[in-house]
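J.: Structure of the sequence below:
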Amino acid sequence: MVKLVPTADQFAALESTLVLCNEVANEVAGLAQSMELRSRRALQVALYPKVKARGLSAQPALHVLRKVADAYTTRQATLTNGNYGRPGSTRYTAVAETAVAFRPHAAQPFDDRCLSWQMDSSTVSIWTTAGRMRGVRFVCAPWQHKLLASRKGESDLVYRDGHFYLYATVDEPSPEPAPPPDTAEGWLGVDLGIVNLAVTTDDDPATLDVRWSAGAVTARRKKYAPLRASLQRVGTKSAKRKLKARRRKEQRFATDINHQLSKTIVAKAQRTGR
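T.: Residues are numbered from 1 along each chain as shown. Down below sits the predicted model:
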């Protein structure tokens, strides 16, 4: 995942592109429901000219049709798995007889024909409803930049919390498994707790690193508890949107702390052969 840093004009073009793609996807989904079309090929044969006439180029039009077909495939799988009750039940019937719907800013896939990466300048060139847009900057970590240099295939344009991102899948060979540790060297025990998230048998509880104290996570939750309560009382769409963004931010903070902690413990065990 890399973050795009578009100018104001580029931002507007990207947003209008997502909105149009999802408007067309909703139209296609409605026709697919009424005409009982589900496969990619059936949708392409029946609706490709109609989608093209809505102002989409060839590849984006195909991706919209495929997105709808994949959404119906996913829904059918959830119905088959019983996630909406037994066939014939009220809930099952309501879901099965309703067309799939897409949010105005739902993610849109792009392939290498309508999106290219310029790694030397950290920019992308992407198709939009305003034409091919070049020089859209992106930012990422150095290790991500290195991985992106060898990527191929689709990338998803994602709008989240007022920012645009590109989700790119990169195929990497699996690393060689580490040799099993010599149990003669012993084990590194880990005790999980509330005051301290994790303490190893090598740690002196009196001199623990403050990063691994649960107090940091708890303090952040307490700090923003009044804000969450206030937003819950308001209850408007805007308040719910801000509440969701706040929840994601706190989840990311806790996940980052857990990730750092687990990596540190594993590195210590590897370094000492345990």
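
J.: what residue ranges in the protein are flagged as low confidence?
T.: 181-185, 204-213 (pLDDT under 70).

J.: Where do the domain boundaries of it fall?
T.: 9-107, 109-168, 183-271 (automatic domain parsing).

J.: any chance of those domains in CSV, with mean neighbour count too?
T.: Bear in mind the C-beta positions are built from the backbone N, C-alpha and C, glycine included. Below are those laid out as CSV (neighbours: other Cβ atoms under 10 Å):
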stretch, mean neighbour count
domain 9-107, 16
domain 109-168, 16
domain 183-271, 13
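
J.: right, and those - which one's nearest E176?
T.: domain 183-271 (13.8 Å; Cβ to Cβ).

J.: Same list (the domains of the chain) but as a markdown table, adding distance to S174.
T.: Shown next, in a markdown table, are these (distance: least, Cβ to Cβ, whole Å):
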| stretch | distance to S174 |
| --- | --- |
| domain 9-107 | 27 |
| domain 109-168 | 15 |
| domain 183-271 | 17 |
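
J.: Relative to V2, which of the ones you listed is closest?
T.: Nearest of the domains of the chain (Cβ to Cβ): domain 109-168, 4.1 Å.

J.: sec struct for A42, please.
T.: When classified by DSSP: H, G, I helix; E, B strand; the rest coil, A42 comes out as helix.

J.: Could you check how far it is from L31?
T.: 11 Å (Cβ to Cβ, to the nearest Å).

J.: Please report how far Y84 lies from A96.
T.: Y84 is 8 Å from A96, by Cβ to Cβ.

J.: what's the longest strand in the chain?
T.: If each strand of the chain is counted by residues according to DSSP state E, the longest one is strand 131-139.

J.: What distance do you get for A13 to K146?
T.: 29 Å.

J.: how near is R228 to W117?
T.: 39 Å.

J.: For the helix or strand hosting T73, report the contacting residues that lie outside it.
T.: Following DSSP states H and E, one finds T73 within helix 58-80. Helix 58-80 has contacts (Cβ atoms under 8 Å, 6 or more residues apart in numbering) with 21, 24-25, 28-29, 32, 38-40, 43-44, 47-48, 51-52, 56, 84, 87, 92, 95-96, 100, 102, 108-111, 113-114, 127.

J.: now, which of the residues you listed lie within helices?
T.: 21, 24-25, 28-29, 32, 40, 43-44, 47-48, 51-52, 92, 95-96 (DSSP state H).
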